[in-house]
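> my questions concern the predicted model and sequence given below.
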Amino acid sequence: YTTLFRSIKIEIFWLLYYNKRNANADNRCLHMTKEETIMGLFQHKKEKGTAELPPTPPVLTPTEPDAASEGRAACMNRLESVLGAPSSKGVVLKLYLENFKSLNKTFGYDYCEELLSQIKSDLKEVAEGNIYRYIGVEFIIILEQLSEGKACDLADEILERFGNVWKIRGVDCLCSAQIGLCSYPGHATSTDELLKRLDLAVSAASDCGPNQMAVYDSNMHTQFVRRQAVAMYLQIALEKNELEVRYRPTYNLKEGRFTRADSYMRIFIQGIGLVGAAEFMPIAEDSGQIRAIGYYALDHAGRCISELMNTGREFDSICIPVSPVLLVQEDFLDQVTKVLETYQIPKGKLALEVDDSALSNVYLNVNITMQELSDMGVELVLNNFGSGCAPVSSILDLPINTVKLERMFVWQLETNPKSASIAGGLIQIARELGIHIIAEGVETENQLNALNNYQCEYQQGFYYAPTMEQDVLIKVMGTTLDESRVTIEEEKLKMKM
C-alpha cells in the first residue's frame, strides 16, 4: 500500500480537486470534496496495481437530458446570445446539488433520476427564466432583465424548498443545494467569464454550509483579483528567491529557555504588501506551486538546523508546516531523506507539522506516510489539537510526538471558563500520554499564568517573541528570557515599524 500510495500522481489530484469534479464511466461529472478525491485516487491505484483486489461497485450518474433544448449545448448557446445582445442585462443563477452523490449511492439511479425530474419541475414553477440541466447535478437559470435583488429573492425561495424533504416513491430524502449568482454585463462580458464567476460564487456558498447562496459582487471580485495576483507572483518569488522564511521561537517552561522554533513564510507583493503563508499557501495548493514552495521551506529548515548545530546551540527541533498535498507527492519522503542527509541532521531535530484536518478523511493515507517519517527520525507535530477536525483519539494510533493546542482555547483563557477547562483537560491528556504540547498565540500575562497553572510545557506567541530571521534565531535559541530580552525587544520594535 505504501508503494501504491506514493505513486499517486499529484497533477491528477490537483486537477480534480481544483475543479471539484470527477468523471465517471459515462464522462459525466460529479462534484467531489478534497478528501473524496484523495481516497478515490488511492482506490484507483490499488485497483490498477493489484489484479486480485475486487472492483469497486460502479456508481451511476443520472443521464443527461435527451432534449437538446435542456442540455449544456443549448445553455451555452443561450448565454452567448444573451451576453452578445446590446443593452442586455440580467442575472444568471447556478444551482449545484451538494449531497447528490451520497443519495445516488444510497437510493440508486432510478430514484435519483426521479428526484432530478421533481427538482426540475419545482424550479420551473418558481423561476420565470430559461432553466437548463447544465452538467450532471448542476442547473443554470438565465434571468433576463431581472435585478440582482429579485434574483436573490428567487434564490432564497428555491433554497427554502431544499430545506424540506423530497418524497420520491413514498420515501423521504434531504437534498441540499448551493446557489451562486452573477449579474451581467456588470461582472461578466463573456460566457467563459460568467461561468468562472458562477463557480466562485457556488464555492463561496458551500463554505457557509448546506443550502446557502452567494453573489459574485465587487468584494468577491476584489478577492478574486487579489488571489490571481498572489498566484502569479508566487512563481516570480520562487525564481528570484524572494520567499522570506522566518522563525518563531518556542519557550520551554521546564528548562526556562527557548528550545524549539517554527518556520513561517511571507512574501512582499508590490501593490498588495506583505502576504503571509496563511493566505498564499492555499493558493499555492490550488495552483500546483505548493510542491516547489514546500520543498524550498524544507531545505531552508535543514540549513537552519545545520547552522544551529555548527554554532553549538542547544535546541530540541526546528519545525515546518507541511501541506497535506505534499504528503501525496511520490517523492516527498525522498526529499525529506535528501535534506536529512545533506545537512547531516540527527534524529529528532527536524519536525514536520501536519494540521489535524488532514486526518479527517484520509486517515489511512496519512498514517502510512507519517509512520515512515517517524521511522526516519522525524518529529511529528499535530496542529490545532482539540479543534474537532479529527478525533482526539487519533493521537493514540498515529506516531505523534507533539501536539499544538488550538489557538482559540488560548485566546479565550481570560474570558471563557469553559475554554480554560477544555484547555486544561487537553494539556493533561497530552502529558499523561507522554506527548509534548505547545500552546500557540500567547499574548498576555494572564494567558501565561493560566497555562503555567496547567503546567503547559511549551509556550509560543508574541508575549515571548515575534517571528525573526534565521541569524537572529541563532542568537536566541538556547537562551533564557533574560539573556535574550534585548534582542527580542529589538525584533518587536521592528514588527511595529
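The structure has been received and is ready for your questions.

> ranges for the strands of the stretch 51-200 of the chain?
Under the criterion DSSP state E, counting those that start in this stretch, the stretch 51-200 of the chain contains strands at 90-97, 130-133, 138-144, 166-168, 171-173, 177-184.

> so the first one versus strand 138-144, what angle?
Orientation of strand 90-97 against strand 138-144 (axes from the mean of the first three to the mean of the last three CA atoms, to 10 degrees) gives an angle of 160 degrees.

> quick one: list the elements packing against strand 90-97.
strand 138-144, helix 148-162, strand 177-184, helix 191-206 (3 or more CB pairs under 8 Å, 6 or more residues apart in numbering; DSSP states H and E). Quick note: C-beta positions are derived from backbone N, CA and C, even for glycine.

> in the strand of greatest length in the chain, what counts as buried?
Longest strand in the chain, counting residues (DSSP state E): strand 257-269. Using 16 or more other CB atoms under 10 Å as the test for burial, strand 257-269 gives Arg257, Phe258, Thr259, Arg260, Ala261, Asp262, Ser263, Tyr264, Met265, Arg266, Ile267, Ile269.

> touching, the last one and Ala231? I think so.
It stands for Ile269. No. With contacts counted by CB atoms under 8 Å, Ile269 stays clear of Ala231, the gap being 10.7 Å.

> for the spatially most central residue of the chain, what is the enclosing helix or strand?
Of all residues in the chain, the one closest to the mean position by CA atoms, centre = their mean is Pro282, 6.1 Å from it. For Pro282, the host element (DSSP states H and E) is helix 277-287.

> turn the strands of the stretch 51-200 of the chain into CSV, including distance to Ala430 and mean pLDDT.
Below are the strands of the stretch 51-200 of the chain laid out as CSV (distance: least, CB to CB, whole Å; pLDDT from 0 to 100):
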stretch, distance to Ala430, mean pLDDT
strand 90-97, 41, 96
strand 130-133, 52, 90
strand 138-144, 45, 94
strand 166-168, 46, 93
strand 171-173, 42, 93
strand 177-184, 38, 96
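
> dump the ones you listed to TSV, plus distance to Ala439.
Below are those laid out as TSV (distance: least, CB to CB, whole Å):
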stretch	distance to Ala439
strand 90-97	40
strand 130-133	52
strand 138-144	45
strand 166-168	47
strand 171-173	45
strand 177-184	37
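
> would you map the strands across the stretch 201-350 of the chain?
212-215, 244-252, 257-269, 273-276, 317-321, 350-355.

> tell me the contacts of the nearest residue to Leu123 once chain neighbours are set aside?
Spatial nearest neighbour of Leu123, excluding adjacent residues (CB to CB, 6 or more residues apart in numbering): Ile131 at 5.3 Å. Counting by CB atoms under 8 Å, 6 or more residues apart in numbering, Ile131 touches Glu70, Lys120, Leu123, Lys124, Phe139, Ile140, Ile141.

> and if you look at Tyr458?
Thr250, Tyr251, Asn252, Leu253, Arg260, Thr402, His436, Ile437, Ile438, Ala439.

> per-residue pLDDT, the residue nearest to it when sequence neighbours are not counted?
Leaving aside its sequence neighbours, Tyr458 sits nearest to Ile438 (CB to CB, 6+ apart; 4.1 Å). Looking at Ile438, its pLDDT is 95.

> wait, Ile438 sits on Thr402?
Yes. At 6.4 Å, Ile438 and Thr402 qualify as touching, with contact defined as CB under 8 Å.

> would you map the helices across the stretch 1-150 of the chain?
2-6, 10-19, 34-49, 72-84, 100-107, 109-126, 148-162 (DSSP state H, counting those that start in this stretch).

> where does the stretch 101-250 of the chain dip in pLDDT?
Applying pLDDT under 70 to the stretch 101-250 of the chain flags no residue at all.

> the same query, at a cut-off of 80, please.
128-129 (pLDDT under 80).

> rewinding a little: export the longest strand of the chain as PDB, just CAs?
Taking C-alpha atoms only, strand 257-269 is exported to PDB below (Å, rounded to 0.1, in the frame of the first residue of the first chain):
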ATOM      1  CA  ARG A 257      14.800  28.700  27.800                       C
ATOM      2  CA  PHE A 258      14.000  28.700  24.100                       C
ATOM      3  CA  THR A 259      14.500  25.200  22.700                       C
ATOM      4  CA  ARG A 260      12.300  25.000  19.600                       C
ATOM      5  CA  ALA A 261      11.200  27.200  16.700                       C
ATOM      6  CA  ASP A 262       8.600  27.100  13.900                       C
ATOM      7  CA  SER A 263       9.100  28.100  10.300                       C
ATOM      8  CA  TYR A 264       6.900  30.900   8.900                       C
ATOM      9  CA  MET A 265       6.900  32.200   5.300                       C
ATOM     10  CA  ARG A 266       5.800  35.500   3.800                       C
ATOM     11  CA  ILE A 267       6.300  37.500   0.600                       C
ATOM     12  CA  PHE A 268       6.100  41.200  -0.300                       C
ATOM     13  CA  ILE A 269       4.000  41.900  -3.400                       C
END
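
> tell me how far that strand lies from the chain's centre.
20 Å (CA atoms, centre = their mean, to the nearest Å).

> between that strand and strand 317-321, how many degrees?
30 degrees.

> elements contacting strand 257-269?
Using 3+ CB pairs under 8 Å, 6+ apart: strand 257-269 touches helix 218-239, strand 244-252, strand 273-276, helix 277-287, helix 290-310, strand 317-321, helix 481-496.

> buried residues in the longest one?
This points to helix 218-239. Counting neighbours by 16+ other CB under 10 Å, helix 218-239 gives Met220, Arg226, Arg227, Ala229, Val230, Ala231, Tyr233, Leu234, Ala237, Leu238 as buried.

> just send those residues back as TSV, with distance to Ile422 too.
Shown next, in TSV, are the buried residues of helix 218-239 (distance: CB to CB, whole Å):
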residue	distance to Ile422
Met220	35
Arg226	35
Arg227	35
Ala229	40
Val230	35
Ala231	38
Tyr233	40
Leu234	37
Ala237	39
Leu238	40
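
> before we move on, back to that, so which of the helices and strands packed on strand 90-97 is the most surrounded?
Mean neighbour count (mean count of other CB atoms under 10 Å) peaks for strand 177-184 among these, with a mean of 26.
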